[in-house]
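Undergrad: Sequence below, structure please.
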Amino acid sequence: MTNSKKTHSQEALITVKSLVKRFEKKQGTIFRRTKSTVHAVNNVNFSIKKGEILGIIGESGCGKTTTARMVMRLTKETSGQILFDGQDLCQMGERELRRARQEMQMIFQDPYDSLNPGMPILEILMEPLNAHKMEVPFEEKRKLVIEILEHIDMKPAETFLYRYPHQLSGGQRQRIAIARALILKPKFVAADEPTSMLDVSVRMGILQLLKSLKEEMGLTMLFITHDLSTAAFMCDRIAVMYRGNIVEIGPIKEIISNPTHPYTKALVAVVSDLHHFLGHRHEMILDGEVQNEVVQGGCPFLARCPQQMDTCQNSIPKLEQLSNDHYVSCFHLHPESLISANKQAN
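TA: From the prediction side, this is the model:
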């Protein structure tokens, strides 16, 4: 879903509309405290079609993890809608959310933190079953645990049941985290940089496992990453995020072959031609970092854009359709938006 009138709600499992998240940040000493507003997510719109993997890519601090946590109801939104199979999660009570959570699971970034070190693997994997399927007998739950362990290639499964997380490798721990997310056979999974904490040698195995499980189980997935090459391997479409805003969204092949927003061009150049990127960096993107605390009325990419105009300082460009299912937020690419912004300013 984008800001365009065109929608795919009839096919979408997840639809996010005008999603906003702001945090209040206190600064200064105990005698002189000041508050600033952190704009973590700003008016984000997208949809994820059934059976699709949508990636969100961007630098640390751009709002991608906060977006995923809001979709999973781990963080409350400031405003907006999150529809799951047509039902607004933001309006659900705790009992309704409990039912929905059986069909929505999250894989966290760090398996060292997400697994309880004091519990054996059998108990870790039984936790979701005990929470949502209390009526199922213990032996049947144990059988489900063994089945999911074999499904993630941890064989023979019985040899892992009574091990603790510290007795496993990093890759094995992340496989357990994946198994815990999938044991309830959810419709939707959010994966928050699931390989970033792992050794390079085991990352591809985890990514291939996720792709195969997605196909076998018919999963719909939101995949968070800062690595474009990982997104290219995993995702059907990607949304490029900067300072809490989606600046470009479209099919992965089109984004890589035809990056359009200045920020997307810089991300693609890093992967495709690092030396060229370093040698001509000033032409593509200015030095700087993501600064969500700075409040301005203009384009979120203004401070680092080499193509900025006067209008960019006063107006925020909207996502506009560039081609089929490809949307970009930039005045340079949509002159009609520039004309409209100038009229509003005057």
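Undergrad: What helix or strand is Gly80 located in?
TA: strand 79-84 (DSSP states H and E).
Undergrad: Can you tell me what sits against that strand?
TA: 9, 12-20, 43-44, 70-71, 73, 88-90, 100, 103-104, 188 (CB atoms under 8 Å, 6 or more residues apart in numbering). In this view, the C-beta of every residue, glycine as well, is placed from N, C-alpha and C.
Undergrad: Could you do stretch 26-43 as well?
TA: Against stretch 26-43 from outside (CB under 8 Å, 6+ apart): 18-25, 63, 66-67, 70, 77, 80, 243-245, 292-293, 295, 300.
Undergrad: Mark which of the residues you listed are buried, thanks.
TA: 19-22, 63, 66-67, 70, 77, 80, 243-245, 292, 300 (16 or more other CB atoms under 10 Å).
Undergrad: So which of those sits lowest on pLDDT?
TA: Among those, Asn292 carries the lowest pLDDT, at 49.
Undergrad: List the buried residues for the longest helix along the chain?
TA: Taking DSSP state H as the criterion, the chain has its longest helix at helix 200-217. For helix 200-217, burial by neighbour count (16+ other CB under 10 Å) applies to Val202, Arg203, Ile206, Leu207, Leu209, Leu210, Leu213, Lys214.
Undergrad: got the CA positions of that helix in CSV?
TA: The C-alpha coordinates for helix 200-217 follow below in CSV (Å, rounded to 0.1, in the frame of the first residue of the first chain):
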residue,chain,number,x,y,z
VAL,A,200,29.3,-15.0,7.8
SER,A,201,29.8,-18.7,7.3
VAL,A,202,26.4,-19.6,8.7
ARG,A,203,24.3,-16.7,7.4
MET,A,204,23.5,-18.2,4.0
GLY,A,205,22.3,-21.4,5.6
ILE,A,206,19.8,-19.5,7.8
LEU,A,207,18.6,-17.4,4.9
GLN,A,208,18.1,-20.5,2.7
LEU,A,209,16.2,-22.1,5.6
LEU,A,210,13.9,-19.2,5.9
LYS,A,211,13.2,-19.2,2.2
SER,A,212,12.4,-22.9,2.1
LEU,A,213,10.2,-22.7,5.2
LYS,A,214,8.4,-19.7,3.6
GLU,A,215,7.6,-21.8,0.5
GLU,A,216,6.6,-24.9,2.4
MET,A,217,4.4,-23.2,4.9
